[in-house]
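Undergrad: just to be clear, the model below is a prediction. Sequence and coordinates:
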Protein chains: 2
Amino acid sequence: VIGVRTIDWVDGAVEIIDQTALPQQTTVLRLSTVDELVAAVQTLAVRGAPALGVAGALGVALAAGQHGQDEERLRHAVHLVETARPTAVNLARGAQRASARLADGPDAVLAEALAVRDEEIASSAAMAALGADLVTDLCGPEPRLLTHCNTGALACVVGGTALGVVAELHRRGGLGGVVASETRPLLQGARLTAWELGQLGIAYRVAVDGAGPFLMARGAVDAVILGADRICANGDVVNKVGTYAHALGAQRAGIPFLVVAPESTVDMSTPSGGAVEIEDRGADEVLAFRGTRTAPPGADAVNPAFDVTPHDLVTAIVTDRRVVRLDRGERL
Amino acid sequence: VIGVRTIDWVDGAVEIIDQTALPQQTTVLRLSTVDELVAAVQTLAVRGAPALGVAGALGVALAAGQHGQDEERLRHAVHLVETARPTAVNLARGAQRASARLADGPDAVLAEALAVRDEEIASSAAMAALGADLVTDLCGPEPRLLTHCNTGALACVVGGTALGVVAELHRRGGLGGVVASETRPLLQGARLTAWELGQLGIAYRVAVDGAGPFLMARGAVDAVILGADRICANGDVVNKVGTYAHALGAQRAGIPFLVVAPESTVDMSTPSGGAVEIEDRGADEVLAFRGTRTAPPGADAVNPAFDVTPHDLVTAIVTDRRVVRLDRGERL
């Protein structure tokens, strides 16, 4: 299934692999309306910064097809797509790229959306090569890597960001081991990254999120490598909650902390992480697990979906075009 | 139920509240043999450093009653109790205190075990008072506290260590809020601490373990307060996995990181945390959740039950007898 695209345009509709059903079931969802696409984004049936960029662009293509004659409804539909999730810059950016072509008609919008898709596919391959070279430079042969959340093909279209680098190191025969941080509350690491690593034939161990910094302290990890939902102008990284704690662990252990994300994730209009709205996804994700309530009645929860890693904790940012060594004073 | 003792000696057997069944069910388990007691310790039906000290002492009392005439079987049974879990110093220490009286017969062993129990009860009250004074000194009125794992009455006999301090601040009318870190993999925070806070009438929010450092960075937490399974001679703290990541977060946020534990947790014979064997509790706890498998077939996991927080990250250690301000250069 890794060869299949996580998100694509098929016969006039958007098709996605439903990531909420993995790893138990591999289900393809067909999204024919803006409402269906927005719901898929909000339930995380499709997730991952690059994939969300494609979802945003294809969502506008759906809107153009649905509401091409009604400018007000069209504008409303585009707004729904852009704002389906607040934190990831790619979603709004993909939607904006496609909607810039609205005046040229639905076919032009779709062509632009497919260009977004094709660029994300090309960027995965570029990041994998640049990232694998960097890891080898920094860690030597057989690095043991820790990753958080899911940054593989499922987060992109094919390939991946950070997990694409892991896969590339494996293809080169130079991978020493992988720890997949489980990524509560939705377990993207234990479910999705584990599933992708299994498909790739890469041995791995899952760890609870709280164990990562300790594994680093005990010398069991040579570098942390993960993705980003938004990279601010000063190098601050907005990514899945738990990222910042891993960055603190890497700093204390003196190991590299590497962020891999396409250029489309870099947002020079956001000066720093302090300015970013962090989505709170509500108490239910934390307090219940697949329908089983874990906390007692009356419990409340705080559930930030993302956190901010200050740029001084980031060794390097790898994009599809460049390696920015923040540890050497380089800037975006 | 908070008024009930988590572990006690009742009519010739050990009775415990089964912590694996909370918060759904409040069940009392009656343990009449060493094997039953060891199983309860290993499945975490009874857990928490102070409660384990009492379990160790009462376990030897059971052994003395079962095998009083057979020195070899008695020695074997005592060994099983002492080594039921490797990391917590209290278990072995409680067992050793009781077994030092074996030559005087079962009644003397039981009397010593009950003295261990009574001392833990007294020490909870002393820690609550010392800790609440310290938090008020450091944070001023209405502190918002983050705690990890479970350190309340369930971890002790009554009262608690860190959660006893939280309860005392609430009684004094000076608590600004509580975040309970859920504590994967076994969710002692989301299940047990949440349940105890509810019983105490204290409002709280559960957070995933990875969110704590970010909540600190955003100014939502005034201090971290938690327990210890072992405190080393140099002040290194061995506690539930995830503790170290929270300590790194507290340091970066510039807020106090407070450890509350009875003197029986201080182990001057262990020079530092590097020397402590950390129990790996196996993959199943991480990969499955209440019988539901989360990871794909073939997944492996690394599951350290504890981690080590270096002493330089610890602001103060509060015991039943003293406050040791490591941040001011004080030593144990």
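TA: All right, it came through fine.

Undergrad: what residues does the stretch 51-200 of chain A put near chain B?
TA: Contacts of the stretch 51-200 of chain A with chain B, taken as Cβ under 8 Å from any Cβ of the partner chain, map to A:179, A:182-185, A:187, A:190-191, A:194-195, A:198. C-betas here are computed from N, CA, C, even on glycine.

Undergrad: among the residues you listed, which pair sits farthest apart?
TA: Comparing every pair within these by Cβ to Cβ identifies A:Pro185 and A:Gly198 as the most remote, at 22.1 Å.

Undergrad: could you show me where the strands are in the stretch 201-332 of chain A, in order?
TA: Counting by DSSP state E, counting those that start in this stretch, the segments of the stretch 201-332 of chain A that form strands are A:205-207, A:223-226, A:230-232, A:237-240, A:257-260, A:266-267, A:288-289, A:292-293, A:300-301, A:306-309, A:316-318, A:323-324.

Undergrad: how many neighbours does A:Gly298 have?
TA: Residues near A:Gly298, counting by other Cβ atoms under 10 Å in any protein chain shown, number 11.

Undergrad: A:Thr151 touches A:Ala167, doesn't it?
TA: No - contact criterion Cβ atoms under 8 Å: A:Thr151 and A:Ala167 do not qualify, at 10.5 Å.

Undergrad: who has more neighbours out of these two?
TA: For A:Thr151 versus A:Ala167, the count of surrounding residues by other Cβ under 10 Å is larger for A:Thr151: 34 against 25.

Undergrad: that one: what's it in contact with?
TA: Contact analysis of A:Thr151 by Cβ atoms under 8 Å, 6 or more residues apart in numbering or on different chains lists A:48, A:160-164, A:193, A:226-227, A:260.

Undergrad: among those residues, which pair sits farthest apart?
TA: Applying Cβ to Cβ across the contacts of A:Thr151, the maximum distance is between A:Thr193 and A:Val260, 13.6 Å.

Undergrad: any chance you could map the helices in the stretch 1-150 of chain A?
TA: Applying DSSP state H, counting those that start in this stretch to the stretch 1-150 of chain A gives helices spanning A:34-42, A:49-67, A:71-82, A:89-99, A:106-139.

Undergrad: could you export the ones you listed as JSON lines, including mean neighbour count and mean pLDDT?
TA: Converted to JSON lines, the helices of the stretch 1-150 of chain A look like this (neighbours: other Cβ atoms under 10 Å in any protein chain shown; pLDDT from 0 to 100):
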{"stretch": "helix A:34-42", "mean neighbour count": "20", "mean pLDDT": "97"}
{"stretch": "helix A:49-67", "mean neighbour count": "28", "mean pLDDT": "95"}
{"stretch": "helix A:71-82", "mean neighbour count": "17", "mean pLDDT": "95"}
{"stretch": "helix A:89-99", "mean neighbour count": "25", "mean pLDDT": "95"}
{"stretch": "helix A:106-139", "mean neighbour count": "20", "mean pLDDT": "96"}
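
Undergrad: now those helices in JSON lines, with distance to A:Asp8?
TA: Shown next, in JSON lines, are those (distance: least, Cβ to Cβ, whole Å):
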{"stretch": "helix A:34-42", "distance to A:Asp8": "13"}
{"stretch": "helix A:49-67", "distance to A:Asp8": "8"}
{"stretch": "helix A:71-82", "distance to A:Asp8": "17"}
{"stretch": "helix A:89-99", "distance to A:Asp8": "14"}
{"stretch": "helix A:106-139", "distance to A:Asp8": "7"}
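
Undergrad: now do the helices in the stretch 201-332 of chain A.
TA: So, for the stretch 201-332 of chain A - with DSSP H, counting those that start in this stretch - the helices run A:212-217, A:243-253, A:284-287.
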